[in-house]
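1. Quick one, what's the 3D model for this:
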Amino acid sequence: MSSLEPEELLRALFDAAVSAAHPEAGMRHYLPEPPKGRVIVVGAGKASAAMARALEEMWLERHHGVPLEGLVVTRYGHGLACSQIEVVEASHPIPDAAGEEAARRILALVQGLTQDDLVIALISGGGSALLPLAAPGLTLADKQAVNAALLRSGAPIEAMNCVRKHLSAIKGGRLAAAAAPARVVSFVVSDVPGDDLSSIASGPTVCDATTFADALAVLTTYGINEPHAVIEHLHQAHDESIKPDDVRLARCQTHIVASPQVSLEAAAALARAHHITPLILGDSLEGEARELGVMMAGIARQVVAYQQPAARPCVLLSGGETTVSVKGSGRGGRNVEFLLALTIKLAGMADVYALACDTDGIDGLEPVAGAIVGPHSLTRARALGLDAHDFLERNDAHSFFEGIGAQVVTGPTRTNVNDFRAILIV
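-> Numbers count the residues shown, from 1 in each chain. Coordinates of the predicted model:
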């Protein structure tokens, strides 16, 4: 058994997962050779600034004297200074004018290139909201309204990004198409279930198999029928996203340089080093956060009662992206909502501890990664007059964990492979 206290071990597992999510090693492995012409770097996402700095360092080391130029956009507070690549910040998850202007400039940077030029695209989770360049006939306000409605709806990320791609002038492969005939090499940090390239940041440099009809069906399913301009745009179905057989993508290569599975494996290796048996339950678990919390509590109970699917001490590891159908007005996030539902269902069961955090350091809209709980969490809450069921019903899990002093605060990690969950049974 580990010499660390359970809460300390959980935090160490999370830190190991986040460290494994930084893309430097993967980028170094796939670093392209310089072209005859220009090297343009573009990118978007929560990890884009860190990726840009790492790229500059690697490029200087390997290709000294070959200049880089370009622009990446990241979330407010996630920027880093670079010497050749411009870094700008914009709003996430609701897009703003700064993101719109950055997307416009990025699209302009890749136009007019030749086959002797190279575009390096640095793509990571969050890029959808950070590249809000609307399709002709739509406005930023239209996209903001749809984004807000989708976030409230509980729609999975694939469905949200299907809509975003069909309201955009840059997503769904359109950025790569604009760069043709230049070579395009994309480095991608995956934050979506199954590492679906067309969903990561809504796939600005890869083909897209979804259609306007698919996007319209998403809005219909979730009861979203405004703004009128958006619905009309989807019905008209002009300018489809870039399909797999499009010749403009012939010189595009894409490399996943960090992913949820790699982070889970890093946490599992650390668990084994502390004589804890790790079980990776999946890197792409989806569904309502609170429902997944109830299910995971059932697995933990099975371990305690029957030593199945593993004997104690063990840790259940999982990743992916759950959703929250917002009904209350609280400060909820999907990781803390999962954790609060799990805590309620476990009802103070001895020897069970859990952590749920977002690897970008921000769960929902709060500058808080998530929280850690243990057998005494509900007892502590009751002593403080906090009703866990009430907080869950109001989607106010952040306030609950703040009240009992259980929050995990990391600050911006400048990477993002989505949710990380660990349930430790000692």
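2. When you work out contacts or count neighbours from here on, use the C-alpha atoms and nothing else.
-> Noted.
3. wait, residue 113 sits on residue 181?
-> Yes: Residue 113 sits in contact with residue 181 when judged by C-alpha atoms under 8 Å, with a separation of 6.9 Å.
4. Which one's more surrounded, those two?
-> The neighbour comparison of residue 113 against residue 181 (other C-alpha atoms under 10 Å) goes to residue 181, with 22 against 19.
5. pretty sure that one is touching residue 119, no?
-> No: with contact defined as C-alpha under 8 Å, residue 181 does not reach residue 119; the gap is 10.3 Å.
6. what do those two both touch?
-> By C-alpha atoms under 8 Å, 6 or more residues apart in numbering, residue 181 and residue 119 have no common neighbours.
7. measure residue 352 to residue 13 for me?
-> In this view, residue 352 and residue 13 are 16 Å apart by C-alpha to C-alpha, to the nearest Å.
8. Residue 337 too?
-> On the measure of C-alpha to C-alpha, residue 337 and residue 13 end up 20 Å apart.
9. Who has more neighbours out of the two?
-> residue 337 (32 against 26).
10. Next one: the more buried one from residue 378, what distance?
-> Taking C-alpha to C-alpha, one finds residue 337 at 15 Å from residue 378.
11. again, but for residue 345
-> 11 Å.
12. Quick check on the two: which one has the bigger neighbour count.
-> More crowded of residue 345 and residue 378, by other C-alpha under 10 Å: residue 378, with 21 against 17.
13. Pull the contacting residues for the more buried one.
-> Counted by C-alpha under 8 Å, 6+ apart, residue 378 has contacts 343, 344, 347, 348, 388.
14. which residues of the stretch 151-300 of the chain fall in helices?
-> Counting by DSSP state H, counting those that start in this stretch, one finds helices in the stretch 151-300 of the chain at the ranges 157-165, 174-179, 212-221, 228-236, 260-273, 289-306.
15. looking at those helices, which is buried most?
-> helix 174-179 (a mean of 26; mean count of other C-alpha atoms under 10 Å).
16. Show me what the lengthiest strand in the chain is packed against.
-> Ranked by residue count and defined by DSSP state E, the top strand of the chain is strand 277-285. Counting contacts by 3 or more C-alpha pairs under 8 Å, 6 or more residues apart in numbering; DSSP states H and E, strand 277-285 is packed against helix 260-273, strand 314-320.
17. Need the outlier residue of this protein, farthest from its centre.
-> residue 383 (35.8 Å; C-alpha atoms, centre = their mean).
18. Is it correct that residue 277 is in contact with residue 314?
-> Yes: counting by C-alpha under 8 Å, residue 314 is a contact partner of residue 277 at 4.4 Å.
19. ok, residue 254 - how many residues close by?
-> Other residues close to residue 254 by other C-alpha under 10 Å number 17.
20. How about the contacts made by it?
-> Residue 254 neighbours (C-alpha under 8 Å, 6+ apart): 185, 186, 187, 188, 206.
21. and if you look at residue 30?
-> Residue 30 neighbours (C-alpha under 8 Å, 6+ apart): residue 255.
22. And the strands in the stretch 301-426 of the chain?
-> Ranges of strands in the stretch 301-426 of the chain, per DSSP state E, counting those that start in this stretch, are 314-320, 352-358, 370-373, 407-408, 419-425.
23. among the contacts of residue 378, which two are most distant?
-> The most widely separated members of the contacts of residue 378 are 348 and 388, with 12.2 Å between them, by C-alpha to C-alpha.
24. which of these two has more neighbours?
-> Neighbour count, other C-alpha under 10 Å: between residue 348 and residue 388, residue 388 has more, with 20 against 17.
25. Any chance of the helices and strands packed on strand 277-285 in CSV with mean pLDDT and distance to residue 200 as columns?
-> Formatted as CSV, the helices and strands packed on strand 277-285 follow (pLDDT from 0 to 100; distance: least, C-alpha to C-alpha, whole Å):
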stretch, mean pLDDT, distance to residue 200
helix 260-273, 97, 13
strand 314-320, 97, 13
